[in-house]
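Engineer: Pasting the sequence and the predicted coordinates here, then a few questions.
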2 protein chains.
Amino acid sequence: METVGQILRKKRQTLGLLLRQVSAYVDIDQAILSKIERNERKPTKEILNKLAEILKLDKDELLIQFISDKIAYEIVDEECASKVLKVAEKKIKYLKSNPIKN
Amino acid sequence: METVGQILRKKRQTLGLLLRQVSAYVDIDQAILSKIERNERKPTKEILNKLAEILKLDKDELLIQFISDKIAYEIVDEECASKVLKVAEKKIKYLKSNPIKN
DNA sequence: CTATATTTGACATATACTGTCAAGTAATAT
DNA sequence: ATATTACTTGACAGTATATGTCAAATATAG
């Protein structure tokens, strides 16, 4: 079970790339990339897609990891975390079948 | 399938209470309560607890609805929503069994 | 020690959140 | 029609959080 940051760092090192190189490609400060890899900052979706490109990672899979990280972090401290997910799933199904809001 | 706002409004009306009365009890502007009931604003947890009190709703259940609303709203537009929830669940289990972060 | 890679923190800016208020609408009663 | 009541809306200010830039500090390797 890895975080997005761990996935990114591991793959970057496997490819033998430096923070400097990857951050230049993605067009962000390397300080930010360093923080993203240590889960201190969250990438935007645009940055995430570019990272997937240069690191040859599956974009959809990375996005899933990213969003699930965010959700896990949000509710891990709630006792009711797993019930929350179940209810959220029902709500999403409902919202998708009834696109009209409110 | 109801949103937190719908739950709150419905119960308030069932009890025959006015926005003015409930908002006074909770100590917020009635404009905010109006917006909360229409899901235009999100209550803080403190407000949510006080609302549960005066409206005689189950606090835990209301919290679950609240958090799941937030999550559902966050990811409803993602195609991969249901996979995200599955991954999030695994991550949460992992995090709970391994309290040391990173 | 030197050079290179990474990390850290201060800072500025931008974006989003929160509450206050007054004016607006809608429905009903007089 | 006007007045009253309940609710809604939008502008605003203050605060908090997010985001990017930069330079200095700390590893890590040669």
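Structural biologist: Sure thing, it's come through.
Engineer: I'd like to check the angle between the helix or strand hosting A:Tyr73 and helix B:59-75, please.
Structural biologist: Taking DSSP states H and E as the definition, one finds A:Tyr73 inside helix A:59-75. Orientation note: helix A:59-75 sits at an angle of 150 degrees relative to helix B:59-75 (axes from the mean of the first three to the mean of the last three C-alpha atoms, to 10 degrees).
Engineer: What helices and strands are in contact with helix A:59-75?
Structural biologist: Helices and strands touching helix A:59-75, by 3 or more C-beta pairs under 8 Å, 6 or more residues apart in numbering or on different chains; DSSP states H and E, are helix A:4-14, helix A:45-55, helix A:81-97, helix B:59-75, helix B:81-97. The C-beta positions use only the backbone N, C-alpha and C, and glycine is treated the same way.
Engineer: Next, the buried residues of the second one.
Structural biologist: The neighbour-count check on helix A:45-55 (16 or more other C-beta atoms under 10 Å in any protein chain shown) flags A:47-48, A:50-52, A:54-55 as buried.
Engineer: ok, which of those residues also contact DNA strand D?
Structural biologist: A:Ile47 (C-beta under 7 Å from any atom of the strand).
Engineer: Including distance to B:Leu62 and pLDDT, could the buried residues of helix A:45-55 go into JSON lines?
Structural biologist: Shown next, in JSON lines, are the buried residues of helix A:45-55 (distance: C-beta to C-beta, whole Å; pLDDT from 0 to 100):
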{"residue": "A:Ile47", "distance to B:Leu62": "36", "pLDDT": "96"}
{"residue": "A:Leu48", "distance to B:Leu62": "34", "pLDDT": "96"}
{"residue": "A:Lys50", "distance to B:Leu62": "41", "pLDDT": "95"}
{"residue": "A:Leu51", "distance to B:Leu62": "39", "pLDDT": "97"}
{"residue": "A:Ala52", "distance to B:Leu62": "39", "pLDDT": "97"}
{"residue": "A:Ile54", "distance to B:Leu62": "45", "pLDDT": "96"}
{"residue": "A:Leu55", "distance to B:Leu62": "42", "pLDDT": "97"}
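Engineer: which one of the buried residues of helix A:45-55 is nearest A:Leu62?
Structural biologist: Ranked by distance to A:Leu62 (C-beta to C-beta), these are led by A:Ala52 at 4.9 Å.
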